[in-house]
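S.K.: 3D, please:
(one chain, ligands or ions: 2)
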Amino acid sequence: MAASSSPPIMVNSCTGKMGHATAEAVVRAGLQLVPVSFTGASEAVAVGNVGVSGIPVELVHPDERQSAMQNLKAQYPGLVLIDFTLPSVVNDNVAFYARNGIPFVVGTTGGDREQLMQDARAGNSYAVIAPQMGKQVVAFQATLELMAQQFPGAFAGYKLEVTESHQRQKADTSGTAKAVIASIAKLGAPISEDDIVKVRDASTQTERLGVPEEHLGGHAFHTYRLTSGDGDVEFVFQHNVCGRSIYAEGTVDAALFLAKKVAEGSEQRIFDMIDVLKAGAMR
Ligand SMILES: NC(=O)C1=CN([C@@H]2O[C@H](COP(=O)(O)OP(=O)(O)OC[C@H]3O[C@@H](n4cnc5c(N)ncnc54)[C@H](O)[C@@H]3O)[C@@H](O)[C@H]2O)C=CC1
Ligand SMILES: O=C(O)C1=N[C@H](C(=O)O)C[C@H](O)C1
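M.R.: Ligands and ions are numbered 1, 2, ... in the order given. Alright, predicted model coming up:
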């Protein structure tokens with residue numbers, strides 16, 4: 001497989017909030033942004049192309065992506081794909097990337113995650129798949145996971161309450177919160193994903209959670225509260241992010257990391273962001 005330490009990067013979909021922010025980060029990093037983006041059917045028809053930092057990016061309808069992919073493979077050796085789309089299409093996209101044998105980074109959350117991992121592995125693809133790309137949040141996740149490995153059951157008997165707040169349009173429950181509760185379960189305080197409280201209304205966000213008005217359209221506030229059985233001890237872990245640059249920058253790091261793994265012919269092919277962080281590959 002062709003590979004490069006400075007790979008051409010294609011972002012699907014540049015019409016979305018994260019896709020656009022990531023494409024801008026690719027350009028900011030001085031990397032080659034492929035001026036083509038797979039997008040949803042309605043945007044492809046209605047919009048045609050979208051500007052990213054002055055670069056016109058052609059939008060490709062889902063029905064036309066296979067023929068477009070043939071051309072892209074020939075035109076951009078060492079290509080790395082990035083997916084920030086929707087929970088409803090992420091499984092189909094991953095199966096498509098894997099079938100085409102192109103390394104890919106998936107930041108999209110939701111969908112059938114078991115199936116997604118199965119498809120990625122079956123294609124023998126190189127991929128970074130993670131619900132959270134922000135360096136410091138990934139470090140927090142890694143720390144919790146280490147704590148769980150070192151001190152399993154340390155929070156046995158504690159009650160866990162989790163609240164996540166995001167922009168109104170976010171359909172699914174936070175993928176990050178789902179990953180974090182899996183580590184906390186190993187520490188002895190399990191809850192179900194259905195117990196995660198999702199906040200999407202603006203008044204609760206601004207008045208109760210302190211989300212700045214200007215970030216109602218793009219924020220991710222997470223609080224994990226652990227309380228002892230007798231109520232005497234409380235631990236609160238919180239990460240509150242406004243905007244999207246933290247994820248966009250981390251995603252570029254993931255793409256560069258992946259290109260390096262391809263170039264090395266790494267035996268391990270599927271990675272998460274903790275692997276990227278541990279490799280010292282996050283700026
Ligand atoms: N891993 C991370 O660090 C982060 C993950 N996310 C996740 O990224 C995803 C996208 O979030 P946003 O950009 O806010 O959503 P968005 O709604 O702004 O964008 C979604 C885009 O997907 C496109 N799309 C729909 N069908 C498609 C198809 N078949 N092929 C290609 N593109 C298609 C739409 O046209 C739209 O442009 C969500 O799952 C979100 O949870 C968001 C922020 C950080
Ligand atoms: O949709 C978002 O915005 C975010 N999605 C990711 C998630 O579901 O965990 C990461 C972050 O919370 C922002």
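S.K.: low-confidence ranges in this structure?
M.R.: Counting by pLDDT under 70, the chain has low-confidence residues at 1-5.
S.K.: roughly how far apart are the most centrally placed residue in the chain and ligand 1?
M.R.: Nearest to the geometric centre of the chain sits residue 107, at 2.2 Å (Cα atoms, centre = their mean). Distance, residue 107 to ligand 1, using Cβ to the nearest ligand atom, to the nearest Å: 3 Å. Heads up, the C-betas are built off the backbone N, CA and C, glycines and all.
S.K.: residue contacts, that residue?
M.R.: If you count contacts by Cβ atoms under 8 Å, 6 or more residues apart in numbering, residue 107 has them with 18, 22, 82-84, 130-131, 133, 247, 251.
S.K.: now residue 121
M.R.: 269-270.
S.K.: on that earlier part again, between the contacts of residue 107, which sits nearest residue 157?
M.R.: Closest approach between the contacts of residue 107 and residue 157, by Cβ to Cβ: residue 131, at 28.2 Å.
S.K.: just checking, residue 139 touches residue 278?
M.R.: No - using Cβ atoms under 8 Å, residue 139 is not in contact with residue 278, being 10.0 Å away.
S.K.: beta partners for the closest residue to residue 233 other than its chain neighbours?
M.R.: Using Cβ to Cβ, 6 or more residues apart in numbering and skipping the chain neighbours, the partner closest in space to residue 233 is residue 227 (7.2 Å). For residue 227, the beta-bridge partners are residue 159, residue 234 (DSSP bridges).
S.K.: residues touching residue 227, list them.
M.R.: Contact analysis of residue 227 by Cβ under 8 Å, 6+ apart lists 158-159, 161, 233-234.
S.K.: quick one, what contacts the closest residue to residue 166 other than its chain neighbours?
M.R.: Using Cβ to Cβ, 6+ apart and skipping the chain neighbours, the partner closest in space to residue 166 is residue 220 (5.6 Å). Residue 220 sits next to 164-166, 174, 176, 239-241 when contact means Cβ under 8 Å, 6+ apart.
S.K.: Pull up the residues of the stretch 51-200 of the chain that are close to ligand 1.
M.R.: When proximity is defined by Cβ under 6 Å from any ligand atom, the stretch 51-200 of the chain lies next to ligand 1 at 62, 84-87, 89, 93, 107-110, 130-133, 169.
S.K.: follow-up on the earlier one: if I look at the residue nearest to residue 166, how far off is residue 27?
M.R.: Using Cβ to Cβ, to the nearest Å, residue 220 is found at 24 Å from residue 27.
S.K.: Narrow the residues of the stretch 51-200 of the chain next to ligand 1 to those that are buried.
M.R.: Burial by neighbour count, 16 or more other Cβ atoms under 10 Å: within those this picks out 84-87, 89, 93, 107-110, 130-133.
S.K.: Which pair in the residues you listed has the greatest spatial separation?
M.R.: By the measure Cβ to Cβ, 89 and 132 form the most distant pair in those, at 19.8 Å.
S.K.: mind giving me a markdown table with the contacts of residue 107 and columns for secondary structure and distance to residue 76?
M.R.: Below are the contacts of residue 107 laid out as a markdown table (DSSP: H, G, I helix; E, B strand; the rest coil; distance: Cβ to Cβ, whole Å):
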| residue | secondary structure | distance to residue 76 |
| --- | --- | --- |
| 18 | helix | 22 |
| 22 | helix | 17 |
| 82 | strand | 13 |
| 83 | strand | 16 |
| 84 | coil | 19 |
| 130 | coil | 24 |
| 131 | coil | 27 |
| 133 | coil | 22 |
| 247 | helix | 24 |
| 251 | helix | 18 |
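S.K.: with these in mind, which one is nearest to ligand 2?
M.R.: Lowest distance from ligand 2 to the contacts of residue 107 (Cβ to the nearest ligand atom) belongs to residue 131, with 4.4 Å.
S.K.: Let me see the contact set for the residue lying closest to the closest one once chain neighbours are set aside.
M.R.: Nearest non-adjacent residue to residue 131, counting by Cβ to Cβ, 6+ apart: residue 175, 2.7 Å away. Residues counted as contacts of residue 175 (Cβ under 8 Å, 6+ apart) are 109-110, 131-132.
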